[in-house]
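*Asks:* Okay, predicted coordinates and the sequence, questions at the end:
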Amino acid sequence: GEDVEQSLFLSVREGDSSVINCTYTDSSSTYLYWYKQEPGAGLQLLTYIFSNMDMKQDQRLTVLLNKKDKHLSLRIADTQTGDSAIYFCAESPSGGYNKLIFGAGTRLAVHP
Amino acid sequence: DTEVTQTPKHLVMGMTNKKSLKCEQHMGHRAMYWYKQKAKKPPELMFVYSYEKLSINESVPSRFSPECPNSSLLNLHLHALQPEDSALYLCASSQAPDRDGTQYFGPGTRLLVL
């Protein structure tokens, strides 16, 4: 079956690194995504990784993919208060039509 | 430009009203999506349009009626809604299903049904 799991809450100090974890079940997923949602806003695409990659880095963001364990992580370096938001992991299973399966979302709280 | 726009931003309607939500993108995408998001939950897929044709309806009640008049526009017509339909309605678009499926979301319409 299709299922994406994330821890629900993470609290970090400003300037530290944040690591948000996600596990997925469909090994045929082509792409895996991280979206950010601030209060009252839509989903902002942060980054994504193709399933044949192990790592992708984009400025302060690093995505690690362990296909064997079906584990995805998002590391945010030098976390700022503006990074406070809900972060959704999503997989795109095979079968066309680009259906996204979302995790429940991880609420990141950044404190001084 | 990866912008998807949605209007209105907020909408309050009674259970007997008819209203429409509008979504627009100018990225040349040929797949467009409607999602419903309740508080503290992930988005739930409602409809998918591919090349202006409805390709997925996730068993959505008929009081929600989607329409795709052209490749840039997606509407969601609302009629006789219930209070439990109050939610954030998100539109997204992507390249066609046989290409890069990365979805770009709009800011959403926050709907309150009284």
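*Replies:* Perfect, I can see it now.
*Asks:* Okay, and the residue positioned nearest the centre of chain B sits in which element?
*Replies:* Taking C-alpha atoms, centre = their mean, the centroid of chain B lies closest to residue B:34, which sits 2.9 Å from it. Under the criterion DSSP states H and E, the helix or strand holding residue B:34 is strand B:31-37.
*Asks:* likewise residue A:11?
*Replies:* strand A:9-13.
*Asks:* Parallel or antiparallel, which strands does that strand pair with?
*Replies:* If you go by DSSP bridges, strand A:9-13 pairs up with strand A:106-111 (parallel).
*Asks:* Distance from the strand it pairs with to the middle of the chain?
*Replies:* Taking the mean C-alpha point of strand A:106-111 and that of its whole chain, the gap between them comes to 13 Å (C-alpha atoms, centre = their mean, to the nearest Å).
*Asks:* For that strand, which residues meet the burial criterion?
*Replies:* For strand A:106-111, the neighbour count (16 or more other C-beta atoms under 10 Å in any protein chain shown) marks A:106, A:107, A:108, A:110 as buried. Using the backbone N, CA and C atoms, a C-beta is placed for each residue, glycine as well.
*Asks:* for these, which one is nearest residue A:93?
*Replies:* residue A:106 (20.9 Å; C-beta to C-beta).
*Asks:* Please tell me how far that closest one sits from chain B.
*Replies:* 11 Å (C-beta to the nearest C-beta, to the nearest Å).
*Asks:* so that residue touches residue A:4, yeah?
*Replies:* No. At 11.3 Å, residue A:106 does not count as touching residue A:4 under the criterion of C-beta atoms under 8 Å.
*Asks:* Now the common contact residues for these two.
*Replies:* Residues touching both residue A:106 and residue A:4 (C-beta atoms under 8 Å, 6 or more residues apart in numbering or on different chains) are residue A:89.
*Asks:* Identify the bridge partners of the residue nearest to the centre of chain B.
*Replies:* The partner list for residue B:34 in beta bridges (DSSP bridges) reads residue B:47, residue B:91.
*Asks:* next one: residue A:74
*Replies:* For residue A:74, the beta-bridge partners under DSSP bridges are residue A:20, residue A:63.
*Asks:* Can you give me the pLDDT of it?
*Replies:* Looking at residue A:74, its pLDDT stands at 98.
*Asks:* okay but it is in contact with residue A:46, surely?
*Replies:* Yes. Judged on C-beta under 8 Å, residue A:74 makes contact with residue A:46 at a distance of 7.4 Å.
*Asks:* Have a look at the two and say which one is more surrounded.
*Replies:* For the pair residue A:74 and residue A:46, the greater number of neighbours falls to residue A:74 (23 against 17), based on other C-beta atoms under 10 Å in any protein chain shown.
*Asks:* for the more buried one, what are its contacts?
*Replies:* Remark: with contacts taken as C-beta under 8 Å, 6+ apart, residue A:74 is in contact with A:18, A:19, A:20, A:22, A:34, A:46, A:47, A:61, A:62, A:63, A:87, A:89.
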